[in-house]
Structure formats: C-alpha cells, structure tokens
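Chemist: how would this look folded up:
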Amino acid sequence: MLKGVLTVGGWTMASRVLGFARDMLIAARLGAGPVADAFFVALQLPNLFRRLFGEGAFNAAFIPAFAGTLATEGHAAAQELAERMAGLMALWLSLLTLIGWLLMPELLSVLARGFMAEPGKFALAVELTRITFPYLFFICLTALVSGVLNGLDHFAAAAAAPVFFNLLAMAALLGLTPYVATPGHALAWGVLASGVVQLGIVTWAAARAGMALNLLRRPRLTPGVRQVLRKMVPGLFGAGVTQINLAINIAIAASLPSGAVSFLYYADRLAQLPLGVIGAAMGTALLPLLSRQVRGGLPLQAHRTTNRAIELSLLLTLPAAVGLGIAAGPIVAALFQRGAFGAEAAGATAAALTAYAAGLPAFVLVRVFAPGFFARGDTGTPVRIGVFTVALNLALNLLLIGPLGHVGVALATSISAWCNAALLATLLGRRGHLALDRRLRVRAPRLLLAAVLMGLVLRGLEAVLFPAGGLLRLAALAALVGAGLLAYFAAAQMLQALDLRDALAMLRRRRRVA
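Modeler: This is a model prediction of the structure:
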C-alpha cells in the first residue's frame, strides 16, 4: 500500500503545486470579481458530475469488480468488462452532455440562482459553462481507464494526468486571452482541451500495461456490467456526498455578495492540497488492496491495512489542519494577494480557509473508511449516511450563513464531514470491520499533541516573519512551513508518536522493490 500511496501522492503533489501556480495566475488576472465567480461555477459544474459519475460511485463499484474479475477470470474477461462499461459510459455521457448544454440556463438558475440578480454575470456563467461542460465526457472516461490502471497496480499515469489540466489552463490564460472575450473564456477552453489530453494519456498508459481498450465498444448488459451498475446506482449518492455538499455551498454562496464564490474557491483549493495528496492517494491505493484482501479471505490483513491507513492519514492531516488554521492569513497573502486580488479578498479567503481546515482530517478519514464498505460490496450504507450528511450540511448552511456569511458555508461543510466520518467508523466497528489496534490507540493522541505543539511554534514565528511584503512574503511563508514541519516531526519523534527509523526503512524497502 505504501508504494501506491507514495506514487499517487507524489504525482498529486506535483499537480497541486501546479494548481497553486494556476490559481495564483487566475487570482492576479481575475481577482475575486464577476468573471472569476462565473468561471468557478463553470468549472465546478462538470467537476461535480465527474466526481459523482466518473470517480466516486463509479470507481467504488468498478474497481473491486475489475480487480476481482482479473484475479478470478483472467485478463480477457477483465478487459471485456472494462470495454463494455466504457461503451455504456460513453453513450450515457454523450446524452448527459447534450442535455446539459441545451438546458444550461435552467440548470444554472438552480445551481447559481443568486447570479440571476446580475443578468450579465448570469449570461457569462451560462456561456462559460457551455464551453467547459463537454469536459465531463472526456474526464469521466479518463476516470474509467484510470480505474483499470489502478486495478492493474499501475498508479503513475492516472495520477500524473491531472498535471496537464493545470498546464493547459495556464497556457490558455496566458496565450488565448487576447483572442477571446474575457480571460474566463480562455480558461474555459483550456479546461476542455485538458480533458482530451488526459484521456489520451491514460489510454496510452493502459495499452502500455497490456490492456489496449476500445472505449467505444458497443454497450452490452453482461452479468459483470449489471453487477457494477447495481452497486453504482446507490453509490451515486453515498460516494458523492462531499461533492453534493460543495454544490449546495455554491448555490448558497451565489446568493451572497459578489466575490463569495471566489473566496470559497480559493480557500477550498488551499485545503485541497493535503486533501488531494493524502485523501486521493489513500482512497486510490486502499480500495483495490482491501478488495483483494477481503475476497482472499484475509480479514486480519484487512484490519491491519485499515489501521495503518488511519495512522498515516492522521500523521499527515493533523499538522496540515493545524498549520492551515493557524497560518491562514499569511498563506493566502503570500500566494494570492497581488494584482486584482487585494487585501480585503485575502482576508475573506483566509477566514474561509480556517473553517475548511477544521474539517480536513475528517475529509481524509472518509476516504479511508468508505473503502471498508465498498471492498465488501456495500454501497448502500454510505447512501444512508450520505442522506443524513447532506441534510445536515444544508441545515447548517442555512443556520450559519446569516451570522457568518461565506465562512458559515465552509464551517457547515467541515462539521458535516466530521459527522460523516464518525458514522462510517461507528458502523464499520459494529460490523467487526474496524478495530483500532494498540499501536493506533497509543499513537493517535500523541500525533494530535505534536500538531498542537507545532501550532504554538507557528503562532510565535508568524509574529516574527510577517508582515513581510512583496516577494519576501513567499520566502517568509517557505520559512514558516519549513519550521512547522521540523517542529512537528521533532515533537512526534520525542513523544514516540512516530519512529522515523521505521519510516526510512519502509522507504528503503520500497526503493528495493521498485
């Protein structure tokens, strides 16, 4: 599992770093005004459907079925399953894309109803979303082929493909802006082009791995396809809870004064760095491994795998949550406060980031607990938990938006994420699929204490290193991050929450295996 986590995490980190460069460029050129709000809605809508149909519910149903078919029936049967699912998905996505393109004004009147108070902003959002929406077709097929690669234990290409999303978005913003109506149009075309490129990369990688896929094969409801669909349909809600919550957030934020959507987007992007690197890596590497262990009748190994995944998640997310919460102001100022993105926008974004940071460990733990259900063929339980979580998020949004504005939207998301993680863990435990071993029970509170000590160090250094200005802010932020990491790992080692010698030994074993 460690090899898969490090491979996915490494490429995801590269993508997130480039994503920051992209967002810094967007902030400098667009700021947090109407064009930025319209583009972020145009970006979020296809991403919502992508995560629901292409990554969340689909991967939860498809990867265990593909891995199981590959192990029990062989290469040819697994390839046929993948191709039949690809043909069915291509047909479904074509229809969805066409309907969405035609009914975009009606769709956005629900998702971004608040924009209708500004007709120009609403019209721009419709136009940009029509450009980005076909991205859904290409990126969902990319997710399917990525699932095939993950089932084959080939993680690198699927994790590397999103790098091109950021590269093409930046290239379009810099090179295409003079030739289109707004910078938002340039970004929208860059998004669409990146979908085509990403699909090409993973398809090529699958062929290199020995599974050249015909993605337009005639759909047929074989028993394997029916099994995936049966597990996918209820999982559309359970696996997509976070994305539905984000859609609710957008709809509510759109009713706030101009800029709220952008503040939440920039804050979410910062929170997504550890969430994407750690959470995506965990979920991607954990599901196929747990599926093999469960199908192979190895419950003790499955328990051990889950415990180590929880421990690794806490090891990495607790300091990230504390760091983002404590140093939200300096982080946002250093990364985004330039050009069209002023001090007021930076302060509003930092407040939202602090609220998102509070839920960061929960977001990642959901990625760890959910595979415990999916690997055992249970997508129904996350649905029931998801219904409650979405309802809770909506209620908290309505309760907190009045006194806290856009910060209330972020805080509602974090609270609902903790409830989601707690309910998943509780039900796994009651079924005997989650038992915290002694090592985890001893180390978890010590990791939390180490993160708190790191937070105290950051608070003290922040007063010394800031208020640096200009380019010095980036240097000061780098120093703050470096000092925080050093303080955390030193505290964790001192408290015996982490044995660095064990971690180095695992890395050496990974290099020998590789």
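Chemist: so Ile248 makes contact with Ala391?
Modeler: No - when contacts are counted by Cβ atoms under 8 Å, Ile248 is not listed as touching Ala391 (10.1 Å). Using the backbone N, CA and C atoms, a C-beta is placed for each residue, glycine as well.
Chemist: Mind checking which of those two has more residues around it?
Modeler: Neighbour tally, Ile248 and Ala391, criterion other Cβ atoms under 10 Å: the higher count belongs to Ile248, 20 against 11.
Chemist: what's the distance between the more buried one and Tyr488?
Modeler: Using Cβ to Cβ, to the nearest Å, one gets 34 Å for the distance from Ile248 to Tyr488.
Chemist: quick one: the helices in the stretch 401-514 of the chain?
Modeler: 406-430, 438-465, 472-494, 500-513 (DSSP state H, counting those that start in this stretch).
Chemist: so which helix or strand takes in the closest residue to Val145 other than its chain neighbours?
Modeler: Once flanking residues are discounted, Val145 sits nearest to Val202: 4.2 Å by Cβ to Cβ, 6 or more residues apart in numbering. Per DSSP states H and E, Val202 falls inside helix 183-208.
Chemist: Output the contacting helices and strands for that helix.
Modeler: Helices and strands touching helix 183-208, as assessed by 3 or more Cβ pairs under 8 Å, 6 or more residues apart in numbering; DSSP states H and E, comprise helix 2-30, helix 34-49, helix 119-132, helix 135-151, helix 156-160, helix 163-175.
Chemist: Tell me which of these lies nearest to Ala352.
Modeler: Proximity to Ala352, assessed across these by Cβ to Cβ, is greatest for helix 34-49 (13.2 Å).
Chemist: Summarise which helices and strands the following helix or strand past that closest one is packed against.
Modeler: Counting by DSSP H and E, the next helix or strand C-terminal to helix 34-49 is helix 57-72. Helix 57-72 sits against helix 75-102, helix 135-151, helix 223-238, helix 281-295, helix 360-374, with contacts defined as 3+ Cβ pairs under 8 Å, 6+ apart.
Chemist: try 10 Å
Modeler: helix 75-102, helix 135-151, helix 223-238, helix 281-295, helix 360-374, helix 380-404 (3 or more Cβ pairs under 10 Å, 6 or more residues apart in numbering; DSSP states H and E).
Chemist: could you redo those helices as TSV and give each row mean pLDDT and distance to Ile252?
Modeler: Converted to TSV, these look like this (pLDDT from 0 to 100; distance: least, Cβ to Cβ, whole Å):
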stretch	mean pLDDT	distance to Ile252
helix 75-102	88	21
helix 135-151	86	23
helix 223-238	70	19
helix 281-295	63	27
helix 360-374	83	19
helix 380-404	86	5
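Chemist: Let's have those in CSV, adding distance to Trp189.
Modeler: Shown next, in CSV, are those (distance: least, Cβ to Cβ, whole Å):
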stretch, distance to Trp189
helix 75-102, 15
helix 135-151, 10
helix 223-238, 29
helix 281-295, 29
helix 360-374, 31
helix 380-404, 33
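Chemist: Compare these and give me the one nearest Glu344.
Modeler: helix 380-404 (16.8 Å).
Chemist: Centre of the chain to that closest one, how far?
Modeler: 19 Å (Cα atoms, centre = their mean, to the nearest Å).
Chemist: Tell me the helices and strands packed up against it.
Modeler: Against helix 380-404 (3+ Cβ pairs under 10 Å, 6+ apart) you get helix 57-72, helix 223-238, helix 241-253, helix 343-358, helix 360-374, helix 406-430.
Chemist: As a markdown table, these with distance to Ala450 would be great.
Modeler: A markdown table is the format used below for these (distance: least, Cβ to Cβ, whole Å):
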| stretch | distance to Ala450 |
| --- | --- |
| helix 57-72 | 33 |
| helix 223-238 | 33 |
| helix 241-253 | 27 |
| helix 343-358 | 17 |
| helix 360-374 | 14 |
| helix 406-430 | 21 |
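Chemist: Looking at these, spot the one closest to Gly100.
Modeler: Closest among the helices and strands packed on helix 380-404, using Cβ to Cβ: helix 241-253, at 13.9 Å.
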